[in-house]
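K.L.:
3D, please:
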Amino acid sequence: MFSNYSECVNPFRAYEHGSAYIHLVLSGIYIHIPFCKKACHYCDFHFSTSLQSKEQLLSALVKELNIRSNEIGDTIETIYFGGGTPSLLSKNELHQLLSTIKSLFSVAHDAEITLEANPDDLSLQKLNDLKTVGINRLSIGIQSFRPQDLTLMNRAHSSSEAMQCVESAKKVGFNNISIDLIYGIPDLGIEAWEKNLKIATELDIQHISAYCLTIENKTVFSKWEKTKKITLPDDEETLNQFIRMKDYFQNCGFEHYEISNFGRSGFYSKHNSSYWFQKHYLGIGPSAHSFQGNTRSWNVSNNAKYIKAIEEGHGFSSMESLSAKDQFNEHLMTRIRTKWGASIEELIRIDSFLYEELRTNTIKWVNDGLLIDNGAHLILSQEGLFVADTIIADLFIV
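P.N.:
Okay, here's the model as predicted:
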């Protein structure tokens, strides 16, 4: 099931497809904050529940920004604090990081600055602090409004905290709020899922990201599944939850612009869109990834090793060069997940011979009505969305 703007000469121009527009982003910066209060049972991201090295790590983040300040010359239009749990950072710590970024890079005056947060961190004081330092978009990890789901996933917040923090965020002036939800959870039936959808839309927010639960190796859920302590719903049940979610959100005014993402008009995630449209971005912090068009790099996924390497000024990052085939597949994989689809013009520009091979692979999917070839883009049909991963894997040029 489902998992987590190159053709434009003027990067400030809107990209049009039908009646939908998206502002084309320039470069972005991602800051990975690898700390959490507790470990969620489904999560395999890089994080630590010990905050002992937080001061050292924050110093290392500042140093890495300085070391890599010449890697992006474009205007920075998105800054994203991810993790981990960035809402564990204090007002002064966030101010230091943002001040460093603004001193080293050209940041757009209207840059989208997102912070991932857990509901239990978002007191009125905390929200006011975030607003003061310049955070203008919140991505809140709610995951579910059912107490039993939150307990199963080992989340630190309650259902009431989830709803209250959104109301508090609106009260202090945040008008660009996204929440995360998870479906395909053990024992989550369609009626319970619909209640989650109803609560989410009644919060009057601008964006929702909803992901199907996948069991990752070395997680508590992985151990529990092997020992039969939990059982995931079957594919049919999960598909029903996806279809119901898609219809429900669209009926409530959300635009389904990427398989797992729904936004009101004008509130698509600019930062995430930069990934899907192969814009350059710089990843700062342990385990963070960067993309520069024909190269990709990733930092070491160990806090102590990262801090030591940054202090020494080398050895904190690995890099690979992307071949034409890599870039071709990258464009195909990321863009076809969106409502705009993969650009045929861009695929031909990358490698016209690879595109001819791709055309052969697309025939059966087009004939089955799962993929649309409109002459300019390859777009998943409504039915194709349900088997997107299968289609993408088959279209890959190997």
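K.L.:
Just name whatever secondary elements whatever helix or strand residue 164 lives in is in contact with.
P.N.:
Using DSSP states H and E, residue 164 sits in helix 159-171. Under the contact criterion of 3 or more CB pairs under 8 Å, 6 or more residues apart in numbering; DSSP states H and E, helix 159-171 touches helix 124-133, strand 137-143, strand 177-183. For every residue, glycine as well, the C-beta is placed using N, CA and C.
K.L.:
Please repeat the previous calculation with a cut-off of 10 Å.
P.N.:
Under the contact criterion of 3 or more CB pairs under 10 Å, 6 or more residues apart in numbering; DSSP states H and E, helix 159-171 touches helix 124-133, strand 137-143, helix 147-153, strand 177-183, helix 190-202.
K.L.:
starting at the chain centroid, how far to that helix?
P.N.:
22 Å (CA atoms, centre = their mean, to the nearest Å).
K.L.:
Could you do stretch 267-279 as well?
P.N.:
Chain-centre distance of stretch 267-279: 9 Å, with CA atoms, centre = their mean.
K.L.:
Pull that stretch out as CSV, backbone CA atoms only.
P.N.:
Once side chains and other backbone atoms are set aside, the C-alpha atoms of stretch 267-279 remain, and they are given as CSV (Å, rounded to 0.1, in the frame of the first residue of the first chain):
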residue,chain,number,x,y,z
PHE,A,267,-2.0,25.9,1.6
TYR,A,268,0.0,23.1,-0.1
SER,A,269,3.2,22.4,1.8
LYS,A,270,5.9,24.3,-0.1
HIS,A,271,8.7,22.4,1.6
ASN,A,272,7.4,19.0,0.8
SER,A,273,6.6,20.1,-2.7
SER,A,274,10.3,21.0,-3.1
TYR,A,275,11.1,17.3,-2.6
TRP,A,276,8.5,16.1,-5.1
PHE,A,277,9.6,18.7,-7.7
GLN,A,278,13.4,18.0,-7.3
LYS,A,279,14.3,21.5,-6.0
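K.L.:
care to break this structure down by domain?
P.N.:
The record assigns the chain these domain ranges, following automatic domain parsing: 14-276, 324-398.
K.L.:
could you dump those to TSV with mean neighbour count and mean pLDDT?
P.N.:
Formatted as TSV, the domains of the chain follow (neighbours: other CB atoms under 10 Å; pLDDT from 0 to 100):
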stretch	mean neighbour count	mean pLDDT
domain 14-276	18	92
domain 324-398	17	95
